[in-house]
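1. pasted the sequence and its predicted model underneath.
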Amino acid sequence: MVTDELDLVYQVGAWGPPASLVLIAAPLGDGRVSVRAELRDASGLLCLDDAGQIRWSLAGDGELIDNQGTPWGSRLVQLANGRAEIRLWPRGGTSQVAASYRGLATACCMVGSRVQDGRK
């Protein structure tokens, strides 16, 4: 028997101007970690139509998977539906991943080799 699961997030209503970036780290199962940035308004709603750019950086033991020319493998990437993503190799240590967006405070999260699903 084969099973599958699909989670949907449905957003209704207008959102305001961008107010913050939220970073969410999750393991990918092969040793890599995914970090997703979400652009949110003051009420916490995703800014779905914003097409600005996110610039990723990393300090520490890990290594960003960048220069791939993909939406999850570039240091500079355009938002899609209010989100951007990058992947990295933790390399057994701890790293601080940062995402910057014009006019907002830079968002940071700590990532290690034992990342668990959820907001970090």
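-> Happy to help now that I have it.
2. now for Thr70, how many residues are close by?
-> Residues near Thr70, counting by other CB atoms under 10 Å, number 13. No exception for glycine: its C-beta is placed from N, CA and C like everyone else's.
3. same question, Arg102
-> 9.
4. show the pLDDT at the nearest residue to it once chain neighbours are set aside.
-> Using CB to CB, 6 or more residues apart in numbering and skipping the chain neighbours, the partner closest in space to Arg102 is Gly52 (6.1 Å). Listed pLDDT for Gly52 reads 95.
5. helix/strand/coil for the residue most central in space within the chain?
-> The centroid of the chain falls nearest to Arg36 when counting by CA atoms, centre = their mean (1.4 Å). Taken by DSSP: H, G, I helix; E, B strand; the rest coil, the conformation at Arg36 corresponds to strand.
6. correct me if wrong: it contacts Glu85.
-> Yes: Arg36 lies in contact with Glu85 (CB atoms under 8 Å); the separation is 4.7 Å.
7. contact partners for the residue nearest to the centre of the chain?
-> 23-26, 83-85 (CB atoms under 8 Å, 6 or more residues apart in numbering).
8. one more time with 7 Å, if that's ok
-> 24, 83, 85 (CB atoms under 7 Å, 6 or more residues apart in numbering).
9. format those as CSV; extra columns: distance to Cys109.
-> Below are the contacts of Arg36 laid out as CSV (distance: CB to CB, whole Å):
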residue, distance to Cys109
Ile24, 8
Arg83, 15
Glu85, 13
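10. ok, and the most crowded of those residues?
-> Compared across the contacts of Arg36, Glu85 has the highest neighbour count, 21 neighbours, by other CB under 10 Å.
11. quick check: it touching Gly73?
-> No: the criterion here is CB atoms under 7 Å, and Glu85 misses it with Gly73 at 9.1 Å.
12. and Ala37, how many residues sit next to it?
-> When neighbours are counted by other CB under 10 Å, Ala37 registers 25.
13. for the remainder of this discussion, apply numbering that starts at 787.
-> Fine by me, first position is 787 from now on; the one you just mentioned is Ala823.
14. that one reaches Gln839, doesn't it?
-> No: the pair Ala823 / Gln839 is not scored as a contact, 10.9 Å apart, by CB under 7 Å.
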